[in-house]
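In: sequence first, predicted coordinates after that:
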Amino acid sequence: MAHRLFEGKQHASSYWKYRISPDHLIQQVLDFLEKQKGHPFELAVDVGCGSGQGTVLLAKHFASVVGTDVSPAQLEVALQYAKQPNITYRQCVAEELPFADSSVDLITAMSAFHWFDRPRFLQEAHRVLKPRGCMALLNYTIDMELSYDDCCSQTLNQVCKEFYAALQPYRSPHLGHSTIDLYREAYGSIPYPDKEWHECVWVKRSMPLSSYMGLVESFSSYQTLLRDDPQKAITLSQDICQRLMSLMRVTSAETEVVVAVRYFCLLACKPQEA
């Protein structure tokens, strides 16, 4: 069965506020769809859409985009930001999508596929995709990197690594040691002849240090620690933030830093004769 997390309203809001959208990876997805299927781009379905950041990115390229998620709280946040008239949202599980056979041009899952019942979802994606329709599964690794002018990035990132290591014991066993292995396994299991694997795609954003902290605090491992031992979670976060500020020689967590996130992406095209 799929795993249900990220369903609290506060957690859902933090997704929209802090998560880094893979803007230029979306262009790679669209280029793949153009090469494999071509226009028209009629219907895109963003599965496990969360607060809708990826759904919004797709909207300007398709006649209609539907974001689906199991969480009412996430969809409530997504609806607040769905300004484009061609965006709609549906509450459903990833393994049972409310779309007809061979009706979808593009199906995406952005930082969500690892929570699904993966074999069942891949079967469902195959069912709803049009012949020559495409699937894009995107995610990023936890080893984000910070940089700040006049500060040694290696020293900063050693503190970040300690943060990630402290959260490792609270990582869901469902995810294994690394989610990238789950996506590589899926890539190998998909029988389509036209598929691509992209790794080490760095996405960089300038943001306040406080937003970087908020990003890490939105991870499922931190949320598990927060649920199990709130004081330990808060103390850990405050200590990491203070150590980073000390290394940067600043007194405000609103100081801008550059955060680099390493994405990877699986692209696959359903064959014409399927």
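Out: The structure has been received and is ready for your questions. Numbering: from 1, shown residues only.

In: please name the residues that touch L266.
Out: 135-138, 183, 186-187, 190, 195-198 (C-beta atoms under 8 Å, 6 or more residues apart in numbering). Heads up, the C-betas are built off the backbone N, CA and C, glycines and all.

In: now with 6 Å?
Out: 137, 183, 187 (C-beta atoms under 6 Å, 6 or more residues apart in numbering).

In: please enumerate the strands of the stretch 1-150 of the chain.
Out: Counting by DSSP state E, counting those that start in this stretch, the stretch 1-150 of the chain has strands at residues 43-47, 64-69, 87-91, 104-110, 129-140, 145-147.

In: and those strands as TSV, adding distance to V258, mean pLDDT and mean neighbour count?
Out: Shown next, in TSV, are the strands of the stretch 1-150 of the chain (distance: least, C-beta to C-beta, whole Å; pLDDT from 0 to 100; neighbours: other C-beta atoms under 10 Å):
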stretch	distance to V258	mean pLDDT	mean neighbour count
strand 43-47	27	98	27
strand 64-69	29	97	25
strand 87-91	30	96	16
strand 104-110	22	97	25
strand 129-140	16	96	23
strand 145-147	5	92	17
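
In: possible to save the ones you listed as JSON lines with distance to A165?
Out: Shown next, in JSON lines, are the strands of the stretch 1-150 of the chain (distance: least, C-beta to C-beta, whole Å):
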{"stretch": "strand 43-47", "distance to A165": "31"}
{"stretch": "strand 64-69", "distance to A165": "30"}
{"stretch": "strand 87-91", "distance to A165": "36"}
{"stretch": "strand 104-110", "distance to A165": "26"}
{"stretch": "strand 129-140", "distance to A165": "18"}
{"stretch": "strand 145-147", "distance to A165": "15"}
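
In: mind checking which of those is nearest P173?
Out: strand 129-140 (17.6 Å; C-beta to C-beta).

In: what are the phi and psi values at the residue lying closest to A253 once chain neighbours are set aside?
Out: Spatial nearest neighbour of A253, chain neighbours left out: S210 (4.2 Å); criterion: C-beta to C-beta, 6 or more residues apart in numbering. Dihedral angles of S210 (phi, psi; degrees, to the nearest 10) stand at phi -60, psi -30.

In: number of residues surrounding S210?
Out: Per other C-beta atoms under 10 Å, the neighbour tally for S210 reads 15.

In: what sits closest to the residue nearest to the spatial centre of the chain if chain neighbours are left out?
Out: Centroid-nearest residue in the chain, with C-alpha atoms, centre = their mean: S111, separated by 2.5 Å. Leaving aside its chain neighbours, S111 sits nearest to N139 (5.0 Å; criterion: C-beta to C-beta, 6+ apart).

In: distance of the one you found relative to D105?
Out: Going from N139 to D105 by C-beta to C-beta, to the nearest Å gives 22 Å.
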